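Visitor: fold the following.
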Amino acid sequence: MENEQLLKIIIERFDKVDQQINEVLQRLEVIEQGQQEDIKGALTLINKKVDSITYDIDYLSEKTGKHDTKINSIEKRIQS
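Guide: Alright, predicted model coming up:
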């Protein structure tokens, strides 16, 4: 084989490798974008659950405070 033919074969193979690398990079980019959306969705769900738990804690704290006040009032009446 002549040098020119070898060079042509090498260039064609490099072109194929470049094309394949570009395809892989595009696929990775699509996967990365999908993962970002999945993570965003998970964080949104977690945020909603945390908000719900915070609401429940606030409600229970308020109830506990009212019960403590009533218990204290009853104790004072008993001691009087």
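Visitor: alpha carbons only for contacts and neighbour counts from here, please
Guide: Will do.
Visitor: most centrally placed residue in this structure?
Guide: residue 39 (2.7 Å; C-alpha atoms, centre = their mean).
Visitor: what's the pLDDT at that one?
Guide: Predicted confidence (pLDDT) for residue 39: 91.
Visitor: three-state assignment of it?
Guide: Classification of residue 39 using DSSP: H, G, I helix; E, B strand; the rest coil returns helix.
Visitor: just the C-alpha atoms of stretch 61-74, please, in PDB.
Guide: Output of stretch 61-74 as PDB, limited to C-alpha atoms (Å, rounded to 0.1, in the frame of the first residue of the first chain):
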ATOM      1  CA  SER A  61     -46.200  22.600  69.800                       C
ATOM      2  CA  GLU A  62     -49.200  24.900  70.100                       C
ATOM      3  CA  LYS A  63     -51.400  22.100  71.500                       C
ATOM      4  CA  THR A  64     -48.700  21.200  74.000                       C
ATOM      5  CA  GLY A  65     -48.400  24.800  75.100                       C
ATOM      6  CA  LYS A  66     -52.200  25.000  75.700                       C
ATOM      7  CA  HIS A  67     -52.200  21.700  77.700                       C
ATOM      8  CA  ASP A  68     -49.200  22.900  79.800                       C
ATOM      9  CA  THR A  69     -51.100  26.100  80.500                       C
ATOM     10  CA  LYS A  70     -54.200  24.200  81.600                       C
ATOM     11  CA  ILE A  71     -52.200  21.800  83.700                       C
ATOM     12  CA  ASN A  72     -50.400  24.700  85.400                       C
ATOM     13  CA  SER A  73     -53.700  26.400  86.100                       C
ATOM     14  CA  ILE A  74     -55.200  23.200  87.600                       C
END
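Visitor: sounds good, over and out.
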